[in-house]
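Enquirer: my questions are about this predicted structure, shown below with the sequence.
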Amino acid sequence: MVRVGIVGASGYTGAELIRLFRRHPEAKICLLAARTHAGKSLPEVFPQFWGLEDEKLIAASPEELVREVDVLFTALPAGEAISYARAAWQAGKKLIDLGADFRFREASIYERWYGLSHGAPELLREAVYGLPELYRDRIKTARLVANPGCYPTAVLLALVPLLKAGQILPEGIVVDAKSGVSGAGRQPKMEMLYAEVNENVQAYNVAVHRHTPEMEQILQDKLGKEVRLTFVPHLVPQTRGILATIYAPLAPGVTTEDLLATYREYYREEPFVKVLPAGVYPRTKSVWGSNLVQLGAVADGRTGRAVLLAALDNLVKGAAGQAVQNFNLICGFPETMGLEDSGIYP
């Protein structure tokens with residue numbers, strides 16, 4: 001059994017990691033760390049875990065935590081995972097970070113978009129971007145994995161195959177994406193109150209969202225040239241789910257069936273990417289609680305644009321589920337282990 005530790009266990013992503021690892025046959029959760037709830041039992045923090053009163057949340061130094069595990073997961077705000085990554089690296093342990101601290105190759109980009117000085121720039125060149133469908137072979141040998149953001153996971157899986165095939169063009173891409181409120185985390189915020197969110201759809205961080213450079217970096221890596229996109233995220237009154245609608249210039253003569261055929265070929269052996277048939281479009285409800293991504297596409301010949309759609313659960317494939325997928329890869333387990341269950345509907 002691989003000994004697993006979760007730092008940031010009192011957040012929504014932490015809870016989802018606990019849920020998934022409780023049914024993983026080759027992993028044992030050895031510690032749950034959360035400074036703000038240290039000393040409490042797990043059910044006191046998350047009532048869905050009643051019966052696990054003996055599981056206590058702790059607070060300890062990075063060095064102390066690393067000694068107790070083989071793989072450490074960090075689900076923390078920007079800047080807070082760095083000390084744990086350094087401790088894990090020095091101890092020869094593996095770490096999967098679900099935050100943003102190791103997603104960028106250049107510290108300057110992180111510092112510009114997150115407003116923080118990076119405390120371990122030497123580790124950026126060691127980190128592997130943890131999107132298995134694009135970087136599987138590199139993840140398998142990694143000791144430090146940067147789990148992608150939820151929006152980038154949906155957007156990159158929709159864009160990369162079609163851009164590489166030349167069926168859409170990289171100039172003038174617009175991403176319109178909607179997310180449920182759990183994507184904002186569990187810390188109380190006025191704008192997340194029920195009266196503020198209910199019956200309200202609102203854009204936020206227009207053209208300045210921190211996931212923008214993350215998406216552009218991976219697109220540049222896959223295409224070998226700079227790609228700029230316009231990203232407009234929206235908050236919608238639901239708990240989970242992301243639906244990304246992407247508009248991109250269409251190459252001459254490309255049809256809807258061409259786009260879908262490229263998706264089907266690119267993802268033909270991917271267990272977690274489901275390409276929908278023409279005329280059927282992704283829905284957040286269809287992936288709720290699962291590690292699946294649904295993809296759809298339409299070639300609008302009248303306007304010369306492709307309309308691409310992707311749906312995922314922001315807490316699973318957009319966070320904890322993808323982290324378990326990466327865990328399986330770095331540990332040599334079947335990639336689907338612990339993630340086989342379908343979602344919950346309705």
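Expert: Received it, and whenever you're ready, just let me know what you need. Numbering: from 1, shown residues only.
Enquirer: find the nearest non-adjacent residue to Leu20, please.
Expert: Distances taken as CB to CB, 6 or more residues apart in numbering put Val324 closest to Leu20, at 5.0 Å, once the chain neighbours are dropped. Backbone N, C-alpha and C define where each C-beta goes, glycine included.
Enquirer: where's the one you found, which helix or strand?
Expert: With elements taken from DSSP states H and E, the one containing Val324 is helix 321-331.
Enquirer: quickly list the domain ranges of the chain.
Expert: Here the domain parsing of the chain from automatic domain parsing is 2-126, 151-314.
Enquirer: wait, isn't Met192 in contact with Ser182?
Expert: No: applying CB atoms under 8 Å as the test, Met192 and Ser182 come out as separate, 9.7 Å apart.
Enquirer: more crowded one of those two?
Expert: More neighbours surround Ser182 than the other of Met192 and Ser182, with 22 against 15 (other CB atoms under 10 Å).
Enquirer: could I get the full set of strands for this structure?
Expert: Along the chain, counting by DSSP state E, strands occupy 2-7, 27-33, 57-58, 71-74, 94-97, 128-129, 144-146, 173-179, 202-203, 229-235, 242-249, 273-275, 293-300, 305-312.
Enquirer: okay, the ones you listed in a markdown table with mean pLDDT, distance to Leu156 and mean neighbour count next?
Expert: Below are the strands of the chain laid out as a markdown table (pLDDT from 0 to 100; distance: least, CB to CB, whole Å; neighbours: other CB atoms under 10 Å):
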| stretch | mean pLDDT | distance to Leu156 | mean neighbour count |
| --- | --- | --- | --- |
| strand 2-7 | 98 | 25 | 24 |
| strand 27-33 | 97 | 27 | 20 |
| strand 57-58 | 97 | 33 | 20 |
| strand 71-74 | 98 | 22 | 28 |
| strand 94-97 | 98 | 18 | 27 |
| strand 128-129 | 98 | 10 | 22 |
| strand 144-146 | 98 | 13 | 26 |
| strand 173-179 | 98 | 10 | 20 |
| strand 202-203 | 96 | 21 | 12 |
| strand 229-235 | 98 | 11 | 18 |
| strand 242-249 | 98 | 10 | 22 |
| strand 273-275 | 98 | 11 | 21 |
| strand 293-300 | 98 | 10 | 23 |
| strand 305-312 | 98 | 9 | 24 |
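Enquirer: for these, give me a markdown table that also has distance to Phe21.
Expert: Below are the strands of the chain laid out as a markdown table (distance: least, CB to CB, whole Å):
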| stretch | distance to Phe21 |
| --- | --- |
| strand 2-7 | 6 |
| strand 27-33 | 5 |
| strand 57-58 | 15 |
| strand 71-74 | 9 |
| strand 94-97 | 12 |
| strand 128-129 | 21 |
| strand 144-146 | 16 |
| strand 173-179 | 24 |
| strand 202-203 | 34 |
| strand 229-235 | 29 |
| strand 242-249 | 23 |
| strand 273-275 | 23 |
| strand 293-300 | 21 |
| strand 305-312 | 20 |
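Enquirer: which ones are touching Leu315?
Expert: Tyr12, Thr13, Glu16, Ser182, Arg240, Gly321 (CB atoms under 8 Å, 6 or more residues apart in numbering).
Enquirer: setting the sequence-adjacent residues aside, check what's closest to it.
Expert: Spatial nearest neighbour of Leu315, excluding adjacent residues (CB to CB, 6+ apart): Glu16 at 4.7 Å.
Enquirer: can you get me a residue count around that neighbour?
Expert: 25.
Enquirer: show me the one of the domains of the chain that comes nearest Arg136.
Expert: Proximity to Arg136 (CB to CB) singles out domain 151-314 among these, at 9.5 Å.
Enquirer: endpoints of the closest one, how far apart?
Expert: The first residue of domain 151-314 is 8 Å away from its last residue (CA to CA, to the nearest Å).
Enquirer: if anything else comes up later, I'll come back, but that's it for now.
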